[in-house]
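Novice: model the structure of this input:
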Amino acid sequence: MNASELRAKDTSQLNAELLELLKAQFSLRMQMATQQLTDNSQLGKVRRDIARVRTVLRQKASGK
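Specialist: The predicted structure is shown next:
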């Protein structure tokens, strides 16, 4: 997911995307805790995507 793709979305779509990513992060954390997660890099990718969405939301809120 690129930042340019995120900037094309409006705030309601970004909030929905953020909610979906947070649910995915929770699911991955539970899989890791129960030792069912095979690819540990997925957790880092989801965290970076969450940071990208939050960054774009803050930019839109500040008017940039």
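Novice: check whether the residue lying closest to T11 once chain neighbours are set aside sits in a helix, strand or coil.
Specialist: Nearest residue to T11 in three dimensions, chain neighbours excluded: K60, at 5.9 Å (CB to CB, 6 or more residues apart in numbering). Glycine gets a C-beta too; all of them are placed from N, C-alpha and C. Judged by DSSP: H, G, I helix; E, B strand; the rest coil, the three-state class of K60 is helix.
Novice: can you offset everything so residue one is 7?
Specialist: With the count now opening at 7, the last piece we talked about shows up as K66.
Novice: K66 reaches Q19, doesn't it?
Specialist: No. K66 is not in contact with Q19 according to CB atoms under 8 Å; the separation is 11.1 Å.
Novice: more crowded one of the two?
Specialist: K66 (15 against 12; other CB atoms under 10 Å).
Novice: before we move on, the earlier item: what's the pLDDT at the residue nearest to T17?
Specialist: pLDDT for K66: 93.
Novice: same question, N46
Specialist: Looking at N46, its pLDDT stands at 91.
Novice: now swap in N8 and tell me
Specialist: At N8, pLDDT is 87.
Novice: over to it: give its phi and psi.
Specialist: phi -90, psi 160 (degrees, to the nearest 10).
Novice: picking that back up, distance of the residue nearest to T17 relative to M7?
Specialist: 16 Å (CB to CB, to the nearest Å).
Novice: same question for L20.
Specialist: Applying CB to CB to L20 and M7 gives a distance of 11 Å.
Novice: center of this structure, which residue is that?
Specialist: Centroid-nearest residue in the chain, with CA atoms, centre = their mean: I56, separated by 2.6 Å.
Novice: check contacts around it.
Specialist: For I56, the contact set (CB atoms under 8 Å, 6 or more residues apart in numbering) comprises 24, 27-28, 31.
Novice: list only buried entries from those residues.
Specialist: 24, 27, 31 (16 or more other CB atoms under 10 Å).
Novice: correct me if wrong: the second one contacts V59.
Specialist: Yes. In this structure, L27 is within contact of V59 by CB under 8 Å, at 6.5 Å.
Novice: V52: neighbour count?
Specialist: If we define neighbours as other CB under 10 Å, then V52 has 19 of them.
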